[in-house]
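Novice: Turn this into a model:
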Amino acid sequence: MALEAYVIHLLILVGIYIILAISLNLAMGFTGLLNIGHVAFYGIGAYTSALLALNLGVPFWLGLLVGGLIAALFGLLLAIPTLKLKGDYFAIATLGFAVIIENIFRNWISLTGGPLGLPGIPKPSLFGFTFSGFSYLILVAFFVFLTYIIIKHITDAPFGRVLKAIREDELATSSLGKNIVKYKTQSLGISAFFAGIAGSLYAHYITFIDPSSFTILESILIISMIIVGGLASMKGAVAGAIILVLLPEPLRFLPLPSFAIGALRQMIYAALLVILLIKRPQGIFGEFSLKKES
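Specialist: Next comes the predicted model:
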């Protein structure tokens, strides 16, 4: 039973990270926005849903939607001052945004609990049935499927083709009469919405959140997933999330102290990224490479 619970736990985390990777891929892979602050939207969704449930008794389903919408709102607000920036400058701006949000989580103690976090977040329930264990895995799988289908539809539609054109050549796309800022803003807003959904799922699964779950290192992990799987590839985002969540797990069974396992995990991530960027810059399933874009 312990092994079964462990496997279910891993699969739930894989599902949440798949949603994060797919949503970031919309902005970063398809639109070319190097968003280092994606974890901020993840955290905003988690804290919004958790606070609504704890302080107002709002049901999970409504909190999930509101968490996604608030995260999308912050995505739109971030777009206003930053989308005229390009490349590294945009990346630095989103990094600053993520640091600001993390510090709000850490220092607004009366609202977020600060470093102590928010314990006792309720599990989702429907008609008296509480989602836990395998049933929560089914719930997460449903939202993974929904996220995949919606973003796949977006990227296959004319809207998605414009996003790819913006990624390849903004000037040429603008000369065709397309409003570049509008498309980028919508892309970032949709990306943030689904990150907020993932945050809500995480908060109600773990039933406890604190600022340490939403640091810039978490954002780097999500970026690594789409680089490994392949930018602008739906199946690449899925593959990258599965690989980077499951790859370090065998380390838990080695006779090593916990601090050594953490360091070894980071070394494996780094080595994998270096090898991939050298041997296959576009990732496993990617359409284009960071090398080509630079």
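Novice: where along the stretch 51-200 of the chain do the strands fall?
Specialist: 118-119, 125-126, 129-130 (DSSP state E, counting those that start in this stretch).
Novice: Just the mean pLDDT for the first one, thanks.
Specialist: I take that to be strand 118-119. The average pLDDT within strand 118-119 is 96.
Novice: quick one: it to chain centroid distance?
Specialist: Centroid separation for strand 118-119 versus its chain: 21 Å, with CA atoms, centre = their mean, to the nearest Å.
Novice: do the same with the second one
Specialist: Taking CA atoms, centre = their mean, the mean C-alpha location of strand 125-126 is offset from the chain mean by 25 Å.
Novice: Can you give the strand pairings for it, parallel or anti for each?
Specialist: strand 129-130 (antiparallel) (DSSP bridges).
Novice: tell me the SS of residue 284?
Specialist: coil (DSSP: H, G, I helix; E, B strand; the rest coil).
Novice: wait, doesn't it sit right on residue 241?
Specialist: No - counting by CB atoms under 8 Å, residue 241 is not a contact partner of residue 284; they are 11.9 Å apart. For every residue, glycine as well, the C-beta is placed using N, CA and C.
Novice: still on that earlier bit, may I see the strands of the stretch 51-200 of the chain organised as JSON lines, with mean neighbour count added?
Specialist: Below are the strands of the stretch 51-200 of the chain laid out as JSON lines (neighbours: other CB atoms under 10 Å):
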{"stretch": "strand 118-119", "mean neighbour count": "17"}
{"stretch": "strand 125-126", "mean neighbour count": "13"}
{"stretch": "strand 129-130", "mean neighbour count": "10"}
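Novice: Now tabulate these in CSV and tack on distance to residue 21.
Specialist: What follows is the strands of the stretch 51-200 of the chain, written out as CSV (distance: least, CB to CB, whole Å):
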stretch, distance to residue 21
strand 118-119, 25
strand 125-126, 27
strand 129-130, 28
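Novice: Which of these sits closest to residue 274?
Specialist: strand 118-119 (37.3 Å; CB to CB).
Novice: Tell me which of the strands of the stretch 51-200 of the chain lies nearest to residue 192.
Specialist: The nearest among the strands of the stretch 51-200 of the chain, by CB to CB, is strand 118-119 at 20.9 Å.
Novice: Give me the helices and strands touching the helix or strand containing residue 259, please.
Specialist: Using DSSP states H and E, residue 259 sits within helix 258-279. Applying 3 or more CB pairs under 8 Å, 6 or more residues apart in numbering; DSSP states H and E, one finds that helix 258-279 makes contact with helix 216-229.
Novice: what's in contact with the next helix or strand after the helix it packs on?
Specialist: As assigned by DSSP H and E, the chain's next helix or strand after helix 216-229 is helix 234-246. By CB atoms under 8 Å, 6 or more residues apart in numbering, the surrounding residues in contact with helix 234-246 are 10, 13-14, 17-18, 20-22, 24-25, 29, 148, 151-152, 155, 221, 224-230, 269, 272, 283-286.
Novice: From the chain's centroid, how far away is helix 234-246?
Specialist: 12 Å.
Novice: what's the closest of the strands of the stretch 51-200 of the chain to residue 84?
Specialist: Across the strands of the stretch 51-200 of the chain, closest to residue 84 is strand 118-119 (CB to CB), at 36.1 Å.
Novice: Name the helix or strand of the chain that has the lowest mean pLDDT.
Specialist: Taking mean pLDDT, DSSP states H and E as the measure, the chain has helix 290-293 as its least confident helix or strand, at a mean of 49.
Novice: looking at the strands of the stretch 51-200 of the chain, which is closest to residue 166?
Specialist: Per CB to CB, nearest to residue 166 of these: strand 118-119, 38.1 Å.
Novice: which helices and strands does that closest one pack with?
Specialist: So strand 118-119, by 3+ CB pairs under 8 Å, 6+ apart, packs with helix 38-56, strand 208-209.
Novice: circling back: tell me, what's touching residue 284 and residue 241 both at once?
Specialist: By CB under 8 Å, 6+ apart, the residues touching both residue 284 and residue 241 are residue 229.
Novice: Between these two, which is the more surrounded one?
Specialist: A direct count of neighbours by other CB atoms under 10 Å for residue 284 and residue 241 places residue 241 higher, at 28 against 16.
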